[in-house]
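Engineer: prediction below, plus the sequence it came from.
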Amino acid sequence: MNLSPFTSQLSPCIVGLSPMDDITDLPFRQLCKEMGADLLITEFIASEALNRDAEKSLRKMRFTEEQRPIGIQIFGADEDELLRCLEVVEQAQPDFIDINWGCPVRKVAGKGAGSGILQDIPKMLRITASMVQHAHLPVTVKTRIGYSADSMMITDFCEALQDTGIAALSIHGRTKTQMYSGTADWTMIGAVKNNPRMHIPIFGNGDITSAAQAVESKNCYGVDGILIGRGAIGNPWIFEQCQRAFRGEPEREITVNERVEVCRRHLQAAIDFKGERTAIFEMRKHYGAYFKGLFNFKPFRLALVSTPSAEETFAVLDRIKEHYRQ
């Protein structure tokens, strides 16, 4: 039986991986899937880059069959560019297409894309409706609760987004101006989910760093799913722990040996996928989280983020395993 991307027979709550640029690439998504993620979404990809066949952007779309159900996330501020890239995206045959109306970083939002479009809700609705009309796959949206604290019309514009025909909606519980500071406001996400006029699946996102938080958010706000972003960096086990928690099972201790071996697999897969130089650089974002909490880890962390070669990095990982075994 084929599962819809937005239903799960594995858990009372879908737990998925939230898109993060240069983080949620194919190798990392594969680990998260193996660890229990129900739903995956690619890194966000600029529509203009896809339309000019930019190599890096085309690589971001790649996925394996094991990673289904998976969505390809795109962003842009120009309706024609977004519509043009639909053909490229659909040729990759994902399960759905996700529009990023949530990214707050200046290079995206400053051009009116991502959460920058929250200053022009009519334009956001017009483009979304056009994308739904022209796409041959389900279209979903990722957004934020508003542009700023004095413009949080989330319940109103989410009804309007639903009316465009989107298949599901993901909401990050911060405004654009908050960036990633402060705390995610899940009450606003809950207000959307519990609006009796809403009938599409609602996913919550923001500040989920443990299985206990995932269960609490599901129980308090009734969301259909939870997307985990920064809490999964260097910690693909969070999906396994969430699945165990939703089944009422205790957390499993992750040993140092397992951390090293999964980190090693991650690094090797990244090297195979995008080359040694890029993989060595991008993996530096993960090491601190892979070994978080280990006593006197600082010398090893400094070694991991400064070694220029894969051979040296693997040697450091061997030393970590040996040191903490003793």
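Structural biologist: Nice, thanks for sending it over. Numbers count the residues shown, from 1 in each chain.
Engineer: drop to CA atoms for contacts and neighbour counts, all remaining ones
Structural biologist: OK.
Engineer: where's Ser18 relative to Ala310, distance?
Structural biologist: Using C-alpha to C-alpha, to the nearest Å, Ser18 is found at 28 Å from Ala310.
Engineer: which residues are contacting the longest helix along the chain?
Structural biologist: Longest helix in the chain by number of residues, with DSSP state H as the criterion: helix 256-274. Under the contact criterion C-alpha atoms under 8 Å, 6 or more residues apart in numbering, helix 256-274 has outside partners 26-28, 31, 234, 276-280, 283, 287, 290-291, 314, 317-318, 320-321, 324-325.
Engineer: what's the angle from the helix or strand just after that helix to helix 256-274?
Structural biologist: Per DSSP states H and E, helix 256-274 leads on to helix 276-283 as the next helix or strand towards the C-terminus. Computed by axes from the mean of the first three to the mean of the last three C-alpha atoms, to 10 degrees, the angle separating helix 276-283 from helix 256-274 equals 130 degrees.
Engineer: I'd like the average pLDDT over the longest helix of the chain.
Structural biologist: On average, the pLDDT along helix 256-274 is 97.
Engineer: how about the CA coordinates for it, as PDB?
Structural biologist: Output of helix 256-274 as PDB, limited to C-alpha atoms (Å, rounded to 0.1, in the frame of the first residue of the first chain):
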ATOM      1  CA  VAL A 256      30.100   6.900  22.100                       C
ATOM      2  CA  ASN A 257      31.000   4.000  19.800                       C
ATOM      3  CA  GLU A 258      27.700   4.400  17.900                       C
ATOM      4  CA  ARG A 259      28.200   8.200  17.700                       C
ATOM      5  CA  VAL A 260      31.600   7.700  16.100                       C
ATOM      6  CA  GLU A 261      30.500   5.100  13.700                       C
ATOM      7  CA  VAL A 262      27.400   7.100  12.500                       C
ATOM      8  CA  CYS A 263      29.600  10.200  12.200                       C
ATOM      9  CA  ARG A 264      32.100   8.200  10.100                       C
ATOM     10  CA  ARG A 265      29.300   6.900   7.800                       C
ATOM     11  CA  HIS A 266      28.000  10.400   7.400                       C
ATOM     12  CA  LEU A 267      31.400  11.800   6.500                       C
ATOM     13  CA  GLN A 268      32.200   9.100   4.000                       C
ATOM     14  CA  ALA A 269      28.700   9.400   2.400                       C
ATOM     15  CA  ALA A 270      29.200  13.200   2.100                       C
ATOM     16  CA  ILE A 271      32.600  12.700   0.500                       C
ATOM     17  CA  ASP A 272      31.200  10.200  -2.000                       C
ATOM     18  CA  PHE A 273      28.300  12.600  -2.800                       C
ATOM     19  CA  LYS A 274      30.000  16.000  -3.100                       C
END
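Engineer: can you pull the buried residues of that helix?
Structural biologist: Within helix 256-274, the residues that qualify as buried are 256-257, 259-260, 262-264, 266-271, 274, counting by 16 or more other C-alpha atoms under 10 Å.
Engineer: okay, the helix or strand bottoming out on mean pLDDT in the chain in CSV with CA atoms only?
Structural biologist: Least confident helix or strand of the chain, by mean pLDDT, DSSP states H and E, is helix 154-163 with a mean of 91. Taking C-alpha atoms only, helix 154-163 is exported to CSV below (Å, rounded to 0.1, in the frame of the first residue of the first chain):
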residue,chain,number,x,y,z
ILE,A,154,-1.3,33.7,10.9
THR,A,155,-4.8,32.3,11.4
ASP,A,156,-6.2,34.5,8.6
PHE,A,157,-3.6,34.0,5.9
CYS,A,158,-3.4,30.2,6.7
GLU,A,159,-7.1,29.9,5.8
ALA,A,160,-6.4,31.8,2.6
LEU,A,161,-3.4,29.5,1.9
GLN,A,162,-5.6,26.5,2.3
ASP,A,163,-8.1,28.0,-0.1
